[in-house]
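1. Quick check, what structure comes out for this input:
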Amino acid sequence: AYIVTDIGEEQEIACVVDSSPAAEVTWMKDGAGLDESSPDTVLSQDQNRHSLLIVAVSKQSVGQYSCTASNSLGEATATADISGDAHPAVILSNNVSDQQHEF
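-> Numbers count the residues shown, from 1 in each chain. Just a heads-up that it's a prediction; the model follows:
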């Protein structure tokens with residue numbers, strides 16, 4: 001997933017894990033483990049929904065986040081890239097057309 005957000009905005013990444021036996025879930029940013037005591041991120045779990053909340057996106061929090069679920073049968077990883085550089089859309093096509101609703 002690729003998430004475009006502005007600097008200063010709150011952003012949540014969720015990872016839903018259905019496994020048997022139960023899996024252990026770990027979060028990483030750019031390949032390094034996340035500090036669970038950091039005031040910039042909040043890790044939580046509600047049943048099989050694991051989430052990471054970035055309280056306010058900053059230049060330091062931009063990057064690739066991964067959620068890895070592992071148990072005795074194996075592991076699975078999902079990733080999300082956070083970009084802190086959202087801009088308004090720019091329409092580049094010509095505003096003249098033969099079609100009424102197409103350009």
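
2. drop to CA atoms for contacts and neighbour counts, all remaining ones
-> OK.

3. what's the weakest-modelled helix or strand in this protein?
-> Taking mean pLDDT, DSSP states H and E as the measure, the chain has strand 2-4 as its least confident helix or strand, at a mean of 85.

4. which helices and strands does the next helix or strand after it pack with?
-> Toward the C-terminus, strand 2-4 is succeeded by strand 11-16 as the next helix or strand (DSSP states H and E). Judged by 3 or more CA pairs under 8 Å, 6 or more residues apart in numbering; DSSP states H and E, strand 11-16 is in contact with strand 49-54.

5. who touches the strand it packs on?
-> 10-17, 25, 40-45, 61 (CA atoms under 8 Å, 6 or more residues apart in numbering).

6. closest to S93 among those?
-> Q11 (31.6 Å; CA to CA).

7. how far away is the closest residue in space to the closest one that isn't next to it in sequence from S19?
-> With CA to CA, 6 or more residues apart in numbering as the measure, I54 is the residue that lies nearest to Q11, at 5.2 Å, once sequence neighbours are left out. Per CA to CA, to the nearest Å, I54 is found 26 Å from S19.
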